[in-house]
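*Asks:* how would this look folded up:
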Amino acid sequence: NPDFFYQRGAGPMFDMGPYYLTALVSLFGPVQRVTGSARVSFAERKITSQPLNGTMIAVNTPTHVAGLLDFASGPVATLVTSFDVWYAELPRIEIYGSLGTMSVPDPNTFGGPVRVRLAGEKEWRDMEIGHGYTANSRGLGVADMAYSLRTGRPHRASGALAYHVLDLMHAFHDASLAGKHIDLSSGCPQPAPLPAAWPGDVEEPVAA
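*Replies:* Here you go, the predicted structure:
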């Protein structure tokens with residue numbers, strides 16, 4: 001029953017936003033302010049799955065959200081989450097830097113190439129992944145937390161990170177309603193990248 005996806009507290013931003021926003025905060029650090037536009041494109045949607053196929057449901061949350069993020073470290077990002085697009089060829093995440101472009105795979109998975117094309121180059125290059133866990137490793141954050149509790153170092157999937165991402169998701173909707181930028185009151189440390197020696201380094205956890 002997909003009804004809950006179209007009610008308050010859900011929608012595309014709260015469904016897929018956690019993956020993409022956590023990836024962006026991990027790459028660039030916390031966000032300083034956001035703005036955005038959000039809309040309900042269709043007042044009703046038809047369920048096409050069983051056993052409720054054909055049932056009409058009311059849409060009570062924005063189903064297309066376009067946002068802009070100003071990171072405290074300087075970068076500006078654009079984020080689009082939508083339930084209203086049939087097909088697209090947009091990249092998952094692309095980073096446009098002073099020396100070239102980096103293409104990052106879908107943060108809702110663990111695999112996929114990281115590709116780079118520097119200024120003046122004619123082809124994209126796949127970059128070697130320096131750590132393991134490129135298959136489905138949904139327990140990785142828990143393993144990292146357990147290791148951090150034993151060793152006293154900060155864990156990557158922290159409560160502060162989760163709260164900052166939640167604050168961001170609400171801020172896009174708030175900015176659209178208010179027609180202005182929203183300054184974020186939350187923040188978090190930028191999560192440390194996985195070490196290049198992981199796995200195989202006895203100082204780091206092994207996820208089941």
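*Asks:* Report back the residue of the chain that's furthest from centre.
*Replies:* residue 54 (32.0 Å; C-alpha atoms, centre = their mean).
*Asks:* need the contact list for residue 155.
*Replies:* 141, 144-145, 147-149 (C-beta atoms under 8 Å, 6 or more residues apart in numbering). Bear in mind the C-beta positions are built from the backbone N, C-alpha and C, glycine included.
*Asks:* if we go to 6 Å?
*Replies:* By C-beta atoms under 6 Å, 6 or more residues apart in numbering, the contact list for residue 155 reads 144-145, 148.
*Asks:* So which of the residues you listed sit within helices?
*Replies:* Among these, the ones falling in helices (DSSP state H) are 144-145, 148.
*Asks:* which of the residues you listed has the most neighbours?
*Replies:* residue 144 (22 neighbours; other C-beta atoms under 10 Å).
*Asks:* What about the nearest residue to residue 158 once chain neighbours are set aside, how many residues nearby?
*Replies:* Distance criterion C-beta to C-beta, 6 or more residues apart in numbering; nearest residue to residue 158, sequence neighbours excluded, is residue 188 at 6.6 Å. By other C-beta under 10 Å, the residues close to residue 188 number 18.
*Asks:* and residue 188, which of the three is it?
*Replies:* Secondary structure, DSSP: H, G, I helix; E, B strand; the rest coil: residue 188 is coil.
*Asks:* Tell me where the protein has strands.
*Replies:* Along the chain, the segments classed as strands by DSSP state E run 31-39, 44-46, 56-58, 64-71, 76-82, 93-96, 100-104, 114-118, 125-127, 182-183.
*Asks:* Residue 134 is nearest to which of the ones you listed?
*Replies:* Closest to residue 134 of these is strand 114-118 (C-beta to C-beta; 10.5 Å).
*Asks:* Tell me how far the closest residue to residue 182 other than its chain neighbours lies from residue 111.
*Replies:* Excluding the flanking residues, the one nearest residue 182 by C-beta to C-beta, 6+ apart is residue 171, at 4.2 Å. According to C-beta to C-beta, to the nearest Å, residue 171 stands 31 Å off from residue 111.
*Asks:* likewise residue 18?
*Replies:* 19 Å.
*Asks:* same question, residue 105
*Replies:* 7 Å.
*Asks:* Between those two, which has more neighbouring residues?
*Replies:* A side-by-side neighbour count of residue 105 and residue 111, using other C-beta under 10 Å, places residue 105 first with 18 against 12.
*Asks:* looking at it, the more buried one is touching residue 115, isn't it?
*Replies:* No. If you go by C-beta atoms under 6 Å, residue 105 and residue 115 don't touch, sitting 8.8 Å apart.
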